[in-house]
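1. show me the folded form of this:
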Amino acid sequence: MVWFFDLLWPTSLPVNILFECALFLIEAFVVSCIRAALESVLIAQQKVQQAEQQMTLAAERQQNLNDLKDQFLLNVSHELRTPLTEVKGYLDLLRENHTQLDVVARAEFLDHAAHGCSELELLVDNVLEATQLDINTSSSGLSIISLPEIAHAVVDQLAVQQHEIQIDMPDDLAAWANWQHLRRVLHNLLSNAIKYSPAHTVVIVSATLMSGRLSACPDICIRVQDMGPGVPAADMPMLFQKVMRLKRDMTGSVRGSGLGLFISKQLVEAMGGRIWVESTGISGQGSCFCFTLPGAPITLLSLPL
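-> A predicted model of the protein is given here:
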């Protein structure tokens, strides 16, 4: 071992040179320790900053969730109160004045009460649908569906009185879809079109093949055109978000929970399609809500399912 110490500290070297070498080694060691300590401090600071950023993002997400919840509860409470008031009002009138009212008046009051019940049913269905989307939006349950048949079924269920709904599509047009999902989408889009369109105007439901009849199973585009106020271009990207309502609707007379378009988007995508809106944003020119579905061979409509 003596030779090792002689190598580190040769006896033949002057003392001052040996001292400077030792001092250099000590300084290098101290600098290395300081550098390692600084690096540890920097790493710790970075971890603290990352943790703070994550906490800030989590707080923002929680605040956004709270805002969505508050807006949702506000929308739903308003939506429940309005049709309930309508139903209760007409039923109270019937109860108090049934002997004085003729058959026509009683039927009219009952129609108004039934309309309020239908709005309540749609609201409850949308709320329940929104809470179960993760479970119910699988691609299972797809079958060959006649588009004219389901369109007429939805229109009959709506029992529209102050608008005309025109169905414009070939009688043999069929799509691969889930009957319940497609019924819900058409119901939501038609309900919106009726709510936003002036009375005595026309709402058109149309469907066409997107690439003609040359392809065996081309996609199908279904369109719901209204004559309402339209959708501003700035609001279009947010239109299909959950609990989303336009600013003009928050203070207007048109009711809505902000769930219908969100649900429609989820259901359309679950069936392999996409959904969008076309509008100039000019009042009176209306909006056209469009969505696609995978087409089915026309000849299959005649086959048993």
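
2. can you tell me the SS state at residue 123?
-> helix (DSSP: H, G, I helix; E, B strand; the rest coil).

3. how many residues are close by it?
-> Residue 123 is flanked by 21 other residues according to other Cβ atoms under 10 Å. Where you see a C-beta, it was placed from the backbone N, CA and C, and this is true even at glycine.

4. ok, now how distant is it from residue 111?
-> 19 Å (Cβ to Cβ, to the nearest Å).

5. one more: residue 206?
-> From residue 206 to residue 111 the distance is 29 Å (Cβ to Cβ).

6. between the two, which one's more packed in?
-> residue 206 (17 against 13).

7. correct me if wrong, but that one is in a strand.
-> Yes - counting by three-state DSSP, residue 206 is located in a strand.

8. wait, isn't it in contact with residue 225?
-> Yes - here residue 206 reaches residue 225: they are 7.3 Å apart, a contact under Cβ atoms under 8 Å.

9. avg pLDDT for the longest helix belonging to the chain?
-> Looking across the chain with DSSP state H, the single longest helix is helix 15-97. Across helix 15-97, pLDDT averages out at 76.

10. tell me what it is packed against?
-> helix 103-131 (3 or more Cβ pairs under 8 Å, 6 or more residues apart in numbering; DSSP states H and E).

11. the helix it packs on to helix 15-97, inter-axis angle?
-> Here helix 103-131 points in a direction 160 degrees away from that of helix 15-97 (axes from the mean of the first three to the mean of the last three Cα atoms, to 10 degrees).

12. report the rounded mean pLDDT for helix 103-131.
-> Here the average pLDDT along helix 103-131 is 76.

13. now swap in stretch 155-175 and tell me
-> 87.

14. can you give me the end-to-end span of it?
-> 18 Å (Cα to Cα, to the nearest Å).

15. repeat that for stretch 190-210.
-> 22 Å.

16. find the residues that touch each one of residue 206 and residue 225.
-> Common neighbours of residue 206 and residue 225, using Cβ atoms under 8 Å, 6 or more residues apart in numbering, do not exist here.

17. would you map the strands across the stretch 151-300 of the chain?
-> 164-168, 174-177, 202-209, 220-225, 275-279, 287-293 (DSSP state E, counting those that start in this stretch).
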